[in-house]
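*Asks:* Pasting a predicted model and its sequence here:
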There are 2 protein chains.
Amino acid sequence: MAAAPVAVRNAIAADLIAVLVAVTSGDPRVLTIQDQCALPSGPFELAHRSLQAGLRAWVERQTRLPLGYVEQLYTFADRDRGGAGQHVISISYLGLTREQPASGEHEASWRSWYSYFPWEDHRDGDPSMIEAELLPRLESWAGAGRDAGTRQDRRQRVAITFGCDGRAWNEELVLQRYELLYEAGLIPEAARGSPPGTLRPGGAAGPLPGTGQPMILDHRRILATGIARLRAKIKYHPVVFELMPETFTLLQLQRCVEALAGRLVHKQNFRRLIEQQNLVEETGETTPDTGGRPAKLFRFRREVLNQRAISGTKLPISRA
Amino acid sequence: MAAAPVAVRNAIAADLIAVLVAVTSGDPRVLTIQDQCALPSGPFELAHRSLQAGLRAWVERQTRLPLGYVEQLYTFADRDRGGAGQHVISISYLGLTREQPASGEHEASWRSWYSYFPWEDHRDGDPSMIEAELLPRLESWAGAGRDAGTRQDRRQRVAITFGCDGRAWNEELVLQRYELLYEAGLIPEAARGSPPGTLRPGGAAGPLPGTGQPMILDHRRILATGIARLRAKIKYHPVVFELMPETFTLLQLQRCVEALAGRLVHKQNFRRLIEQQNLVEETGETTPDTGGRPAKLFRFRREVLNQRAISGTKLPISRA
DNA sequence: TTTCTTATACTCCAACCGAGTATTACACTA
DNA sequence: TAGTGTAATACTCGGTTGGAGTATAAGAAA
């Protein structure tokens, strides 16, 4: 029970997996490898000082991206993941950066996260594929429940996570929605058996059209976790600025938030909130290339990171 | 870079560490071992299906506690923690339960978490030891900063985390406060060098009086993480009920929340919030042993766990 | 009967937040 | 040069929430 040195017989391998996010031209993107079917990952080695140091090391070595903000997501070690009889612990991280040319190594490329979760983008209204494709299948899954209790339970989960029956859409339930679709058998990854060698060829869309592009292993689940965490975080912590260029207009900032949240925000209220919190300061310059009236350029006041510590900083993400 | 099976040369050992919390007679308590100087921990073994399964397994085997709620806290692998040259990954968990006689094995015992963090209990007003002991030492640490910038930075951190200069006390900054005291050298654990064999005898208070009882390694940091997480969580998720008996009065529930938060709440508002959210239902009985007017007994409506999923459920923890 | 303690009902007010209207400032074009 | 499109900015308004206070009711103990 004590924290004694562990014998070699319990030796284990540890993997670091990264969800690297950037927002470019209104698109929230994620760094992927292996023909856009996997998140970048690498082994945790003895040379690394700490987990976060290990992550920063190989991310910066391989992609030359300056990792602004890094946060641990989750650690898991389900038995079916590892190789023959060996446990692999996977420690996942969320990292924010600005999109770079993406150093060609390892065929890494940026991809919109909505191509993996097409039902998550509500910026142009609720995507029609929810009503047209997901809900009917989910309903038939719910109806196939063993007893009445199960069926009602399933219907309730569907209604809550997808905002049916007059309920509001909750953009933070990314993981719950993915797991629901997974349970309902609508996610190709669910069909894959335990042996981790049997991967789908990948590249093209999975077996079921309209449920987004699959990834290897449970990488899509990890991505969902990262999106959910980020969507929750931007509401009370000024992390958006890690994704912005040095100077920006308030509309650009708003578009970035909207891209992450997958929904629109009220422009005037957004500006009110940003300004009354003293998160930004004017650079004194304006940019004319907004199409309309030139917008003032702003710069993030890095000082607030020390001040607020962890509290404060709200962003308005409307419910209607 | 791919998630390939990792060779044995990067073999690593994994430990599970638990912060088990119960609230008894107005005291938030934590399960400890080794003369109250360590959190219970155990190796993650091949036999375990998953991390959480591993945790549940040995906690329930060794303590016979029914673990209601379990949540992952943090994973770390700093080099100075492990044995000679070997990395040890520590995965910490937060678990909620009701205090049991504590099966005597392994000299496990429950202990108020405020004996490790005496500055965190503000139920009877701000503890005098902050003003009397901590702040003077922190001030002299801040004043010893190399340049003016450092000094100002340190003073600001002190003011924010301890709520000086008219700032409000923020009960969620448990970890930040601990790390500040650690940096300032007021925490005995900070004095310990890298070699993990050199532990203080423990038991009695550490070298510096008034900074709480020390623990081995970084267990106190983990405990701080758990407290912070729990204090944040009770505000938007109905986890308090995992700590309550089957039936309870609203005052008991309030006392439990206050014990966790380390501060008092407004009674009328607390009740308003609890009731308008339909979190509880009357049992129909009352209990006369409250000293005053008999209180109605309530029961947690477990159904809400399915309904709210993760959203909703606020608890009022006042700022003044 | 007084007093203590707790439960419970009701009120008040300020802050916040979502939503809308109106106006201003520029670029482009006909 | 007038008109149009687009975006920036100012101002208003009403509902909800949440913190805090007052008042009353119901029992136990002295």
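*Replies:* On my side now, so go ahead.

*Asks:* which residue sits closest to the residue nearest the centre of chain A in space, ignoring its chain neighbours?
*Replies:* The residue lying closest to the centre of chain A (C-alpha atoms, centre = their mean) is residue A:227, at 2.3 Å. Distance criterion C-beta to C-beta, 6 or more residues apart in numbering or on different chains; nearest residue to residue A:227, sequence neighbours excluded, is residue A:174 at 4.7 Å. (Glycine included, C-beta is placed from N, CA and C.)

*Asks:* The residue nearest to the centre of chain A: what secondary structure?
*Replies:* helix (DSSP: H, G, I helix; E, B strand; the rest coil).

*Asks:* ok, now which ones touch the closest residue to residue A:21 other than its chain neighbours?
*Replies:* Nearest residue to residue A:21 in three dimensions, chain neighbours excluded: residue A:96, at 5.5 Å (C-beta to C-beta, 6+ apart). Shown in contact with residue A:96 (C-beta atoms under 8 Å, 6 or more residues apart in numbering or on different chains): A:20, A:21, A:22, A:67, A:68, A:69, A:70, A:230, A:239, A:242, A:243.

*Asks:* a markdown table please, covering the residues you listed and showing distance to DNA strand C.
*Replies:* Compiled in a markdown table, the contacts of residue A:96 are given as follows (distance: C-beta to the nearest atom of the strand, whole Å):
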| residue | distance to DNA strand C |
| --- | --- |
| A:20 | 29 |
| A:21 | 23 |
| A:22 | 26 |
| A:67 | 30 |
| A:68 | 26 |
| A:69 | 23 |
| A:70 | 27 |
| A:230 | 18 |
| A:239 | 18 |
| A:242 | 22 |
| A:243 | 21 |
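
*Asks:* Filter those down to the buried ones, ChimeraX style.
*Replies:* Restricted to buried positions by 16 or more other C-beta atoms under 10 Å in any protein chain shown, the ChimeraX selection for these reads:
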select /A:20,21,22,67,69,70,230,239,242,243
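
*Asks:* give me the low-pLDDT residue ranges for chain A?
*Replies:* Counting by pLDDT under 70, chain A has low-confidence residues at A:1-11, A:46-47, A:78-86, A:100-106, A:192-209, A:290, A:307-320.

*Asks:* Now the stretch 51-200 of chain A against DNA strand D: closest residue?
*Replies:* Residue of the stretch 51-200 of chain A nearest DNA strand D, by C-beta to the nearest atom of the strand: residue A:168 (12.3 Å).

*Asks:* does that residue sit in a helix, a strand or a coil?
*Replies:* coil.

*Asks:* okay, now it: neighbour count?
*Replies:* Residue A:168: 10 surrounding residues under other C-beta atoms under 10 Å in any protein chain shown.

*Asks:* Do me a favour and get the backbone dihedrals for it.
*Replies:* Main-chain torsions, residue A:168, degrees, to the nearest 10: phi -80, psi 150.

*Asks:* Look up how far residue A:263 lies from it.
*Replies:* With distances taken as C-beta to C-beta, to the nearest Å, residue A:168 is found 10 Å from residue A:263.

*Asks:* and the angle for the longest strand along chain A with strand B:13-24?
*Replies:* Using DSSP state E, we find that the single longest strand of chain A is strand A:13-24. On the basis of axes from the mean of the first three to the mean of the last three C-alpha atoms, to 10 degrees, strand A:13-24 is oriented at 80 degrees to strand B:13-24.

*Asks:* Can you list the strands that strand A:13-24 pairs with?
*Replies:* Using DSSP bridges, strand A:13-24 pairs in its sheet with strand A:27-32 (antiparallel), strand A:41-43 (antiparallel), strand A:88-96 (parallel).

*Asks:* How far does the second one sit from its chain's centre?
*Replies:* How far strand A:41-43 lies from its chain's middle: 19 Å, per C-alpha atoms, centre = their mean, to the nearest Å.

*Asks:* coming back round to it: can you put the strands paired with strand A:13-24 in TSV and add distance to residue B:211?
*Replies:* Formatted as TSV, these follow (distance: least, C-beta to C-beta, whole Å):
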stretch	distance to residue B:211
strand A:27-32	44
strand A:41-43	39
strand A:88-96	32
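
*Asks:* Make CSV from those strands and add distance to DNA strand C to it.
*Replies:* Below are those laid out as CSV (distance: least, C-beta to the nearest atom of the strand, whole Å):
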stretch, distance to DNA strand C
strand A:27-32, 21
strand A:41-43, 37
strand A:88-96, 23
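
*Asks:* For residue A:298, find the nearest of those.
*Replies:* Among these, strand A:88-96 comes nearest to residue A:298, with 18.5 Å by C-beta to C-beta.

*Asks:* rewinding a little: wait, doesn't the residue nearest to the centre of chain A sit right on residue A:116?
*Replies:* No - Residue A:227 is not in contact with residue A:116 according to C-beta atoms under 8 Å; the separation is 9.1 Å.

*Asks:* Now the common contact residues for those two.
*Replies:* Common neighbours of residue A:227 and residue A:116 (C-beta under 8 Å, 6+ apart) do not exist.
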